[in-house]
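**Student:** Structure for this input, please:
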Amino acid sequence: MATEPAIIATLIAAFAVCTVTVPRYAVLVLLALAVVLTSSAYETSISSVSVSMAHPQIISPAFSVPAMLSLALPLLITTLSGQYLPGMAILRAQGYDVSANPIMIFGGIASICAAIFGGITTALASITAAFCAGPDNHVEPDRRYIAGVACGVFFCVGGVFAGTIVEILILLPSSVIALLAGLALLQPILKSTGAIIVSEDAQAGLLTFLFTASGVTLFGIGAAFWGARSASPFIF
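**Tutor:** I've put the predicted structure just below:
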């Protein structure tokens, strides 16, 4: 509000209206409105964005101990603690009694295949799980898989047109991007905290939330890792 008062206030007001009228498409409406407002305020044009497709390139693997210790191992720890653990917690909080083993095995195999093309770790996406596993997608839990499939398709489309998407986001001020991200996460956070309160082990869930939100850094490792550590008894 301090940096972009008119744009931010308009987007917040639009969000309040859209969550009542078209809750499923509220974030998409905000994104389109943000592009329009930014273009008007800063005299930028969406026509300057070029449509470009990504082209996969095969990368020959090369074993490197320094790279494994400085990149692969931290990425593995971050993936396990920041994606798999909260992702499994979200699924189980929504009533899905799933095993982590097949998910981790499939993620590992997919990561090996993606590495040939320079891809990063493939894992259970915790935020995506929060979006897809909730009752907003379908009243019947057995039908919510459609949201997950749709996310997968759109992720693929987003990967192919990643350059174009980045050009669109560059048009937006950082404060607007932060607002869009924060508003998009309101409902998942609300549902997750609600599930924590009514769970049998509410204390573990509360500790997870407090650790993660604290922003504390210990031994050079961020709060998301320590929050996931406190969640381990809650999940397993």
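**Student:** buried sites along stretch 69-86?
**Tutor:** Neighbour-count burial for stretch 69-86, counted by 16 or more other C-beta atoms under 10 Å, picks out 78-86. Backbone N, C-alpha and C define where each C-beta goes, glycine included.
**Student:** Dump those to TSV, plus secondary structure.
**Tutor:** Putting these into TSV (DSSP: H, G, I helix; E, B strand; the rest coil) gives the following:
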residue	secondary structure
Thr78	helix
Thr79	helix
Leu80	helix
Ser81	helix
Gly82	helix
Gln83	helix
Tyr84	helix
Leu85	helix
Pro86	helix
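**Student:** Distance check, the residue positioned nearest the centre of the chain against Lys191.
**Tutor:** Nearest to the mean C-alpha position of the chain, by C-alpha atoms, centre = their mean, lies Ile127 at 4.0 Å. Counting by C-beta to C-beta, to the nearest Å, the gap from Ile127 to Lys191 is 12 Å.
**Student:** Check Thr78 too.
**Tutor:** For Thr78, the distance to Lys191 equals 24 Å [C-beta to C-beta].
**Student:** For the chain, which segments count as helices?
**Tutor:** Ranges of helices within the chain are 5-21, 26-42, 65-67, 73-79, 85-93, 100-115, 126-132, 145-160, 162-170, 174-184, 186-198, 202-214, 223-235, based on DSSP state H.
**Student:** tell me the angle the second one makes with helix 5-21.
**Tutor:** I take that to be helix 26-42. Using axes from the mean of the first three to the mean of the last three C-alpha atoms, to 10 degrees, the direction of helix 26-42 lies 160 degrees away from that of helix 5-21.
**Student:** Okay, buried residues for helix 26-42 please.
**Tutor:** Using 16+ other C-beta under 10 Å as the test for burial, helix 26-42 gives 26-27, 29-31, 33-35, 37-39.
**Student:** With stretch 202-220 instead?
**Tutor:** Along stretch 202-220, these residues count as buried under the neighbour rule (16+ other C-beta under 10 Å): 204-209, 211-212.
**Student:** average model confidence for it?
**Tutor:** Summarised as a single mean, pLDDT over stretch 202-220 is 77.
**Student:** ok, now stretch 5-13?
**Tutor:** Mean pLDDT, computed over stretch 5-13, is 89.
**Student:** Which positions in it come out as buried?
**Tutor:** For stretch 5-13, the neighbour count (16+ other C-beta under 10 Å) marks 7-8, 11 as buried.
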